[in-house]
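Colleague: Let's see this in three dimensions:
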Amino acid sequence: MPHPFDATNKHMFRPYPAEWLAFGGLPSGTKLEFVDTDLSAVSKAADVLVRVLGSQSYIAHFEFQSGYDAQLDRRVLVYNVLAADRLDMEVLSVAVLLRPEALGPGITGRVSQKRGKDHRLNFTYKVVKVWELPFKSLLSGGLGTLPLAPISQVSERQLPGVIETIRHRLGTEVKAEKARELWTATRLMMGLRWSPDLVGKLLRGIHGMKESSTYQEIVQEGMQKGIKKGRADEALAFLLRRGKKVFGAPDAATLRVLKAITDPRQLEALTDRVIDGQASSWASLLNPLA
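Modeller: Residues are numbered from 1 along each chain as shown. A predicted model of the protein is given here:
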């Protein structure tokens with residue numbers, strides 16, 4: 001599930017996999033190994049896969065959600081089955097919901113199907129609702145899950161104390177480079193719940209966040225998306241200018257379809273069809289898309 005939190009999850013999770021196993025209520029092991037998350041047989045990629053080796057070895061699978069996905073139950077099932085098939089090990093899945101908006105009727109933690117007496121499927125996975133977790137347990141827990149404390153069961157009045165505890169732990173328990181990564185993760189997590197003004201006020205004086213690799217990764221991703229959106233906006237404007245001269249102004253439904261196209265190359269290809277006279281109306285121009 002590619003999203004702006006991928007870089008943050010990487011720096012929260014990779015140095016502290018044992019802490020995340022405990023956070024997810026999963027069995028510990030004598031050896032932990034990160035596994036390639038590409039399940040490319042069906043163009044799928046899980047968020048985190050860890051091989052846990054011990055008396056009962058298994059694969060720990062974590063998915064992080066900041067928004068609602070009605071298909072999460074089935075998606076976790078697909079990832080679970082694909083990972084088990086590719087890695088030939090039992091897979092235990094955990095979905096970490098980062099805010100209440102990520103929870104909805106489509107997320108139950110199970111997939112159950114029954115067709116007659118001989119066809120039955122029962123799959124369950126663990127759902128962790130971060131906003132319901134006591135902030136004190138996160139503050140006293142592992143460093144990897146520490147950035148979740150400001151979006152847990154905490155009030156605005158309690159938030160300054162939470163930040164001060166994080167400041168103390170990161171200032172005394174880890175080196176400066178790792179502290180920068182975890183502060184960046186904390187800031188990004190806080191943005192899921194609190195206003196930018198409040199986040200800026202509480203984190204004022206935290207130095208080095210902009211130098212962290214997490215921050216740079218996020219900025220670079222944002223720049224690339226911004227460049228692509230700028231190209232798409234320009235291509236759409238040119239398409240509309242050319243199309244209006246030939247077909248007249250598009251109706252509201254057609255305009256919605258055109259605005260939903262985010263690939264500038266696709267918009268440019270449509271413009272070429274208008275210029276080359278390969279369409280007689282907006283409907284015939286968009287018909288190949290259908």
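Colleague: So Pro264 sits against Phe238, correct?
Modeller: No. Using C-beta atoms under 8 Å, Pro264 is not in contact with Phe238; the gap is 10.2 Å. In short, each C-beta sits where N, CA and C put it, glycine included.
Colleague: more neighbours, those two?
Modeller: Pro264 (18 against 14; other C-beta atoms under 10 Å).
Colleague: Tell me the spacing between the more buried one and Tyr16.
Modeller: 40 Å (C-beta to C-beta, to the nearest Å).
Colleague: Where do the helices of the stretch 1-150 of the chain begin and end?
Modeller: 5-13, 17-23, 72-87, 135-139 (DSSP state H, counting those that start in this stretch).
Colleague: Give me the domain ranges for this structure.
Modeller: 1-131, 133-211, 228-289 (automatic domain parsing).
Colleague: Now that we have those domains, can you turn them into CSV and tack on mean pLDDT?
Modeller: Below are the domains of the chain laid out as CSV (pLDDT from 0 to 100):
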stretch, mean pLDDT
domain 1-131, 85
domain 133-211, 89
domain 228-289, 83
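Colleague: which of the helices of the stretch 1-150 of the chain sits most buried?
Modeller: helix 5-13 (a mean of 22; mean count of other C-beta atoms under 10 Å).
Colleague: which residue packs closest to Gly106, ignoring adjacent ones?
Modeller: Ala70 (3.5 Å; C-beta to C-beta, 6 or more residues apart in numbering).
Colleague: quick one, what contacts the one you found?
Modeller: Going by C-beta atoms under 8 Å, 6 or more residues apart in numbering, Ala70 touches Gly104, Pro105, Gly106, Ile107.
Colleague: And it, how far from Gly104?
Modeller: 6 Å.
Colleague: And Phe62, by the same measure?
Modeller: Distance from Phe62 to Gly104, by C-beta to C-beta: 20 Å.
Colleague: Between these two, point out the one with more neighbours.
Modeller: Ranked by neighbour count (other C-beta under 10 Å), Phe62 and Gly104 place Phe62 first, with 25 against 14.
Colleague: I'd say the more buried one and Val96 touch.
Modeller: Yes. Phe62 is within contact range of Val96, at 6.3 Å (criterion: C-beta under 8 Å).
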